[in-house]
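1. Please work out how this folds:
(one chain, ligands or ions: 1)
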Amino acid sequence: MLLLISPDSVEEALDCVKAAEHLDIVDVKKPDEGSLGANFPWVIREIRDAVPADKPVSATVGDVPYKPGTVAQAALGAVVSGATYIKVGLYGCTTPDQAVDVMRGVVRAVKDYRPDAFVVASGYADAHRIGCVNPLALPDIALRSGSDAAMLDTAVKDGTALFDHVSPEACAEFVRRTHEAGLLAALAGSVKVGDLGVLTRIGTDIVGVRGAVCERGDRNTGRIRPQLVAAFRTEMDRHAREHTAAVTAAS
Ligand SMILES: O=C[C@H](O)COP(=O)(O)O
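-> So this is what the prediction gives:
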């Protein structure tokens, strides 16, 4: 499982750099503009320059409206600024067809500019609270649009978490459908160390985290700390080893 960490600024990204050996993807976002809030192009550029070249930089394009042209142009802005993982939160899409429209535009805009960039179609585990597409529709939306991964995060950061809205069984189904489509499955949403066992067992490819690696577990007032990133990684590795041992013992 890959570890994606979401700093909100160049300063926090520099703290991520101190823990670079423990993480896989640095994800630039602006949490005060929403769950997948988009940061400024110059912040993405500065973070790309600060992060070791072998670590991909991701950028969120926002909790986007159903405006395919607007979103495609914003996604191009993120990749031009140096991000190679482009994450789009399909906040304003109420049907799978709308979400596919948006993501097709994003995929074309991003890959015309940079064919090796990685496009992530993100829905929300708490979709029922905001009226957007059902979480289990995401794998097919990602497949039909030519995206590389399907993701779930939470839209409302009020202390509730991924599994409060989508059960571990439903998350397993999300991962299964995503893998059946030949894509990567990413899960986030106030994920904590205690969730890593389930996330590992169901085959999650990427786990996205912010709050769990911030001081006091507070994604808004706490700052990302390198030692918390390292500790989170240690637990991920432990679960990976235990899972491999259990699978081997059962076979
Ligand atoms: O992409 C991942 C998000 O930044 C998750 O943030 P969170 O762990 O605070 O919900």
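
2. what does whatever helix or strand H179 lives in rub up against?
-> Taking DSSP states H and E as the criterion, H179 maps to helix 168-180. Applying CB atoms under 8 Å, 6 or more residues apart in numbering, the contact partners of helix 168-180 are 135-136, 138-140, 142, 149-150, 152, 162-163, 166, 184-185, 187, 198-199, 202-205. From N, CA and C alone the C-beta is placed, and that goes for glycine too.

3. I'd like the distance between the residue at minimal distance from the centre of the chain and D195.
-> With distances taken as CA atoms, centre = their mean, the residue of the chain nearest its centroid is G208 (4.9 Å). Separation of G208 from D195 (CB to CB, to the nearest Å) stands at 12 Å.

4. Among the contacts of helix 168-180, which lie within strands?
-> If you go by DSSP state E, the contacts of helix 168-180 have 149-150, 152, 184-185, 187 in strands.

5. And the furthest pair within those?
-> Greatest spatial distance among these (CB to CB): L152 and L184, at 12.6 Å.

6. Among the ones in strands among the contacts of helix 168-180, which one has the most neighbours?
-> Among the ones in strands among the contacts of helix 168-180, A150 has the most neighbours (other CB atoms under 10 Å), with 31 neighbours.

7. what sits opposite it in the beta ladder?
-> Per DSSP bridges, residues listed as beta-bridge partners of A150: A121, A185.

8. Now do it against E173, distance only.
-> 12 Å.

9. Give me the neighbour count for G123.
-> 30.

10. Can you report how many residues lie near G222?
-> 15.

11. Can you report how many residues lie near R225?
-> Residues near R225, counting by other CB under 10 Å, number 17.

12. Contacts only, for the spatially closest residue to it that is not a sequence neighbour.
-> Nearest non-adjacent residue to R225, counting by CB to CB, 6 or more residues apart in numbering: E215, 5.8 Å away. Counting by CB under 8 Å, 6+ apart, E215 touches 222-223, 225, 228.

13. go with 6 Å
-> 222-223, 225 (CB atoms under 6 Å, 6 or more residues apart in numbering).
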